[in-house]
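Participant: what shape does this take:
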Amino acid sequence: MKKERSLFDLIALVFKGMLMGAANKVPGISGGIIAYVGGFYEEFIYSLRQFNGKAASLMFKGDVKNFFRHVNGKFLSLLILGMLISYFSIAQALDYLITHYEIWVWSCFFGMILGSVHFIAKQFDKWSTKILWGIGSGGIVGLMLAFTPPIAPNDHLLYVFLCGIISVTGMTLPGLSGSFLLILLGNYVLLLVDSVNALYLSFSYLIKGNFQLLQVPENIRLLKVLAVFTFGSITGLVSLSHLLVYVLKKFRKLTTSIILGFIIGSIPVVWPWKKVIYKLSDTGQYLVDSNGHKIISNYSRYWPDWLTSESILAMVFMVTGFLIVYSIEYYGRYKST
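Facilitator: I've put the predicted structure just below:
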């Protein structure tokens, strides 16, 4: 029997959802890391697994109360509420901060990744060849993804649906950033910037009683793309959760070691000192997508001058990011005792 959550716990769940939503928006950071370090990863995965035949039967019968209880609805709905709040608040603020204070923001994320590595590594009381193999294989996959050049944008709805299935791994697999996968798939700007902004603007107009945007073909196209992407994400969440529950039961230590490898392999993605390389045409002009955004080709990473005030402050933000993860870990450990 699950212990009844206090009001503080319920509010904390919304806050955790906001952190997951913000993490999912940023390339290189995985919402699954927040769930893992926060101590609610397994409940999240097991709750998603409950969307099965029994859940469908309860919904078909109209038994909403038992359906809600079966899928751990209070837990999931509060997390989802936090994510939605995040997409229209924290995630928007992050876009601004990354644009204007890029190195310091990435430094904070870098510290969070290091904190996550430290937290997960502590869980191995005994290191074995199997664990090292898992870390190595996960790290290789992470590094391959980190240095893979992005492909061209594609707004075909079937491809958008597949992007939803693939990108949702950032919520279910700590260390694999869903938003970074969208960059590799060429659709990050389309799905997490243009489409989300179209939804935000549509809501803003509707609240004011203005239905003008609903008649704009480009806005309708973006809303349709977002709907298909959302459906693909839900499909991926439910299907992948069943697989994860199985491997967590059968191969817990190996799965955890692979997750640790993914996170270590993702470190180059969040390295603060990097420059974006854009695709150029034969004439040297920037290639842009249908919305005028420059198409990313890859990243050029470099070592900074560690003695400058900017670098020193960046290291302060790294420590801050590490302490954020430590605080989330401490709270998760405290609630489990």
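Participant: for the residue most central in space within the chain, give me its contacts.
Facilitator: Against the mean C-alpha coordinate of the chain, by Cα atoms, centre = their mean, the closest residue is N24 at 2.2 Å. Shown in contact with N24 (Cβ atoms under 8 Å, 6 or more residues apart in numbering): S30, G31, M83, G170, M171, G178, S179. C-betas here are computed from N, CA, C, even on glycine.
Participant: ok, and the closest non-adjacent residue to it?
Facilitator: Using Cβ to Cβ, 6 or more residues apart in numbering and skipping the chain neighbours, the partner closest in space to N24 is G31 (4.1 Å).
Participant: what does the pLDDT read for the one you found?
Facilitator: What the model reports for G31 is a pLDDT of 81.
Participant: same thing with A55?
Facilitator: Looking at A55, the pLDDT reads 88.
Participant: same deal with S297?
Facilitator: pLDDT at S297 comes out at 66.
Participant: pull the distance from stretch 132-147 to the chain's centre.
Facilitator: Relative to its chain's centre, stretch 132-147 lies at 18 Å (Cα atoms, centre = their mean, to the nearest Å).
Participant: residues in contact with it?
Facilitator: 175-176, 180-181, 184, 253-269, 298.
Participant: picking up where we left off before, so for the contacts of N24, which is the shakiest by pLDDT?
Facilitator: Ranking the contacts of N24 by pLDDT, G170 lands last with 70.
Participant: which residue is the nearest non-sequential neighbour of that residue?
Facilitator: G178 (2.5 Å).
Participant: now G134
Facilitator: That would be S257: by Cβ to Cβ, 6+ apart, it lies 3.1 Å from G134.
Participant: name the element that neighbour belongs to?
Facilitator: Using DSSP states H and E, S257 sits within helix 252-265.
Participant: and that helix, how far from the chain's centre?
Facilitator: 17 Å.
Participant: what is the mean pLDDT for the following helix or strand past that helix?
Facilitator: Next in sequence after helix 252-265, counting helices and strands by DSSP H and E, comes strand 274-278. The pLDDT scores in strand 274-278 average 78.
Participant: now do stretch 124-132
Facilitator: 87.
Participant: buried set for it?
Facilitator: Across stretch 124-132, burial judged by 16 or more other Cβ atoms under 10 Å covers I131.
Participant: can you get me the start-to-end distance on that stretch?
Facilitator: Stretch 124-132 has its terminal residues 11 Å apart, counting by Cα to Cα, to the nearest Å.
Participant: how near is the closest residue to R301 other than its chain neighbours to F124?
Facilitator: Once flanking residues are discounted, R301 sits nearest to K274: 4.5 Å by Cβ to Cβ, 6+ apart. Distance, K274 to F124, by Cβ to Cβ, to the nearest Å: 31 Å.
Participant: next: V105.
Facilitator: Taking Cβ to Cβ, one finds V105 at 31 Å from F124.
Participant: next one: M144
Facilitator: For M144 relative to F124 (Cβ to Cβ), the value is 24 Å.
Participant: looking at the contacts of N24, which one is closest to L201?
Facilitator: M83 (19.5 Å; Cβ to Cβ).
Participant: give me the neighbour count for that closest one.
Facilitator: Other residues within reach of M83, judged by other Cβ atoms under 10 Å, total 24.
Participant: just want the angle from the helix or strand that contains V141 to helix 252-265.
Facilitator: Assigned by DSSP H and E, V141 belongs to helix 129-146. For helix 129-146 against helix 252-265, the angle by axes from the mean of the first three to the mean of the last three Cα atoms, to 10 degrees is 30 degrees.
Participant: and helix 129-146, what's buried?
Facilitator: I131, G134, I135, S137, G138, G139, V141, G142, L143, L145, A146.
Participant: one more: stretch 260-275?
Facilitator: Those would be 260-274, for stretch 260-275 by 16+ other Cβ under 10 Å.
Participant: what does stretch 181-201 give?
Facilitator: Applying 16+ other Cβ under 10 Å to stretch 181-201 flags 181-192, 194-199 as buried.
Participant: pull that stretch out as CSV, backbone CA atoms only.
Facilitator: Below are the C-alpha coordinates for stretch 181-201, written out as CSV (Å, rounded to 0.1, in the frame of the first residue of the first chain):
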residue,chain,number,x,y,z
LEU,A,181,18.3,13.6,-30.4
LEU,A,182,15.9,16.0,-32.0
ILE,A,183,18.9,18.1,-33.1
LEU,A,184,20.5,15.0,-34.7
LEU,A,185,17.1,14.3,-36.4
GLY,A,186,17.0,17.8,-37.7
ASN,A,187,13.8,18.8,-36.1
TYR,A,188,14.7,20.5,-32.8
VAL,A,189,13.7,24.0,-33.9
LEU,A,190,10.5,22.8,-35.6
LEU,A,191,9.2,20.7,-32.7
LEU,A,192,10.5,22.4,-29.6
VAL,A,193,10.7,26.0,-30.7
ASP,A,194,8.4,26.9,-33.6
SER,A,195,5.6,24.5,-32.8
VAL,A,196,5.6,25.3,-29.0
ASN,A,197,5.6,29.0,-29.8
ALA,A,198,2.7,28.5,-32.2
LEU,A,199,0.7,26.8,-29.4
TYR,A,200,1.7,29.5,-27.0
LEU,A,201,0.6,32.3,-29.3
